[in-house]
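> below are the sequence and a predicted model; questions follow.
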Amino acid sequence: MASLDHQPETPDWDLEQLEVILEEPTSWQVVIAGPGAGKSAVACQRVAYLVDEGVPPSRILLVSFTRTAVSELRDRIVSYAVVGDRARTVRISTVDSHAWSLRVGFDDRPLPKTLGTGSYDLSIQQTIELFRNKNRELLEFMARLEHLIIDEAQDILGARADLILEMLQSLSPNCGVTILADPAQAIYGFTSDGRDSGNLEPSLLLRLPTDSPRPLQQKALRNIHRIKDAALADLFLRTRKEIELAQNPRGHVARVQETIRQTCGGEVGITSYESLADFLTQKRDSSMLVLLRRRADVLLASSYCSNAGIEHRLRVSGMPVVVRPWLGWLFGETVQALLSREDFEQLWEVRASLAPEPFSGEERDACWLLLHRLAAGTHSNTLDLVHLRSIVARPRPPIELCCPELGSTGPILGTIHSSKGREADTVVLVMPPPQDSPSGGSDDNSAAVLEEGRVYYVGATRARKMLLAARSIAKPVSYLDSSRIFRRLDNHRAQLEIGRAGDVDMFAQLAWSDAKGIQQVLAAHVGRTACIKARMMPDEDFAVRLSLEPKHADGITRPVDVGRLGPGFDRDLGKLWSMMDPKRELRPAPSIPHLYLIAVSTIGVPENERGSLKPPYRQSALALAPVVKGFSVIPFLYRSRRPRRHH
């Protein structure tokens, strides 16, 4: 938590920035700002200025596109505001989370039984209906707002743009609006894997000139403040010029890539995933960000890194949300409803003595303050554990409780799309040969081609001090209907992505007889990557169990089952099986190799899942669960070969 005694240095604002920050609280303005222009800092200072001018913090709403951005904004606002900690009550949310909150607060219809991405889409549609049906309580709530700030407007599309426009329509005449955007970073027209989705709907930014209920003052931030290196600043400007002036899509992506290569800090010449792993071994830079074009590229690179023993982190779409493991380990055996500060501190010491790994890098007092802000009890200086359990069980728990990446140490491997809004001192941008159509065809979709150029611009502008360019050859992959990646290999083999959100049955191990022992093993594995064995269980309808091999008190290494893959993975494995085996002559091998434990997550157990669990988890509703990753080769064997028995 930031304090007034340890404030970050306030930037030296230029005139363009001050025009945005000091604009009248009731004004409506749209601000165009590229990477390095201080857009996020200006948004935070704008909020701080409004609070210092007397606008109640609770009547300011800041909506950002990404959860990552939300997690970084609040402390900066507090550090900029003269009133200090009062600014912490400013409401900051993603579009999806805000829609969910409005839906829960002002709609009596039952929530979807199955929580997930689809539930958020449904929630947005239902919230739009509330606005269009003139829900009185909702409109009264919105009328109390005194300033609305929308960040990354170029990324808000479709129903989410409809929702923001409805919100703008509902504001009082005295409510101000600040909208920030960069059209050069609009890279959500097609999927992050470069597969043309045919979804090129206009963004909120493009709709504002015709659909905004009030005119917006047009402003721009042109000066680059984040970058001190002249060559890197030149790269930003030259690449942006190519993006902004491009009209003919033919050769556009190649020109963007060549501009990046000519002006970056070096061409490292990587051409394979093996050589990328060698490069990371030599560099040993844990803060490095390695950006690849597709999820498939990240999975392949990650596999080679894991095989080489290189600790790394992953930032890629489709992966599960990881809640910090200290929560599940701390409260996993705590069944009471309220917990005092003193009891919290004693419990922390006891659990840390049993397994210190989940508490590594955490400060007890800071953790208490965070939990007290999220789930304060009715009595003074207590935690409401009932409420805490409910918020951890949400499909998207508060970002303050979540880990930003999968994994704990090492360089970050991610897609360009999933790293929007994030930065690193050193960035390695891995670029495959350009195809002027994302789907690999001719220049038949100019909008998609121009967006592909923007993808590489966004990747290049994640660097703060050094950008390195690398070449790669994209291996062909295919996708199941669920978007799970697979590759057909020879001899009845296929590589299959494992570790997507929902792949692990998060609650299975809590119903097993050794549930407490499993929790101890998972706690001991927090903070490190480990090989995890996956084997099919014929007596459990061929469910896939996951096991680790810890060293026990007697010094002997024995496998311990710590989880099970879930029905979503089983269905996709079945689909792959039918594709590989149309004659029904084969079966998958009894074990899955090259699978890794990449993280341990706290899980909150919903009320309807608790009945089958062992005590104390049935009551505590908080525990640990494994998070896995792999791009595993699965052989399909002729049925005449009997699988070996596993002991």
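Noted; the coordinates are in hand. Numbers count the residues shown, from 1 in each chain.
> my guess is Phe106 meets Glu137, correct?
Yes. With contact defined as Cβ atoms under 8 Å, Phe106 reaches Glu137; the gap is 5.3 Å. All C-beta spots, glycine's among them, are computed from the backbone N, C-alpha and C.
> more neighbours: those two, which one.
Per other Cβ atoms under 10 Å, whichever of Phe106 and Glu137 has more neighbours is Phe106, with 19 against 11.
> nearest residue to Ala376 other than its sequence neighbours?
Leaving aside its sequence neighbours, Ala376 sits nearest to Asp384 (Cβ to Cβ, 6 or more residues apart in numbering; 6.6 Å).
> so who does that neighbour touch?
By Cβ atoms under 8 Å, 6 or more residues apart in numbering, the residues touching Asp384 are 337-338, 375-378.
> quick check: buried residues in stretch 252-266?
Applying a neighbour-count criterion of 16 or more other Cβ atoms under 10 Å, one finds 252-253, 255-257, 259-261, 263-265 buried in stretch 252-266.
> so how far is that stretch from its chain's centroid?
28 Å (Cα atoms, centre = their mean, to the nearest Å).
> hmm, who's touching that stretch?
With Cβ under 8 Å, 6+ apart, stretch 252-266 has contacts from 231-232, 234-235, 238-239, 242-243, 246, 267, 429, 431, 434-436, 449-450, 452-453, 456-457, 460, 466-469.
> burial of Glu349, as a residue count?
By the other Cβ under 10 Å criterion, the neighbourhood of Glu349 contains 9 residues.
> and the pLDDT at it?
Per-residue confidence at Glu349 stands at 97 (pLDDT).
> could you confirm it falls within a strand?
No. Going by DSSP: H, G, I helix; E, B strand; the rest coil, the assignment for Glu349 is helix, not a strand.
> residues in contact with it?
Glu349 makes contact with no residue under the criterion Cβ under 8 Å, 6+ apart.
> over to Ala308?
Applying Cβ under 8 Å, 6+ apart, the residues contacting Ala308 are 277-278, 281.
> reformat the residues you listed as a markdown table; add secondary structure and pLDDT.
Formatted as a markdown table, these follow (DSSP: H, G, I helix; E, B strand; the rest coil; pLDDT from 0 to 100):
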| residue | secondary structure | pLDDT |
| --- | --- | --- |
| Ala277 | helix | 90 |
| Asp278 | helix | 90 |
| Thr281 | helix | 89 |
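> ranking those residues by neighbours, who comes first?
Ala277 (22 neighbours).
> can you pull the contacts of it?
Taking Cβ under 8 Å, 6+ apart as the test, what Ala277 contacts is 301, 304-305, 307-308, 310.
> buried subset of the residues you listed?
For those, buried by 16+ other Cβ under 10 Å: 301, 304-305, 310.
> and Ala153, how far from Tyr49?
20 Å (Cβ to Cβ, to the nearest Å).
> which one of the two is surrounded by more residues?
Neighbour count, other Cβ under 10 Å: between Ala153 and Tyr49, Ala153 has more, with 25 against 19.
> which residues touch the more buried one?
Residues in contact with Ala153, defined by Cβ under 8 Å, 6+ apart, are 30, 164, 179-181, 203-205, 208.
> reformat the residues you listed into JSON lines and put distance to Leu122 and secondary structure next to each item.
JSON lines is the format used below for the contacts of Ala153 (distance: Cβ to Cβ, whole Å; DSSP: H, G, I helix; E, B strand; the rest coil):
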{"residue": "Val30", "distance to Leu122": "30", "secondary structure": "strand"}
{"residue": "Ile164", "distance to Leu122": "18", "secondary structure": "helix"}
{"residue": "Ile179", "distance to Leu122": "26", "secondary structure": "strand"}
{"residue": "Leu180", "distance to Leu122": "28", "secondary structure": "strand"}
{"residue": "Ala181", "distance to Leu122": "27", "secondary structure": "strand"}
{"residue": "Ser203", "distance to Leu122": "22", "secondary structure": "strand"}
{"residue": "Leu204", "distance to Leu122": "20", "secondary structure": "helix"}
{"residue": "Leu205", "distance to Leu122": "25", "secondary structure": "helix"}
{"residue": "Leu208", "distance to Leu122": "26", "secondary structure": "helix"}
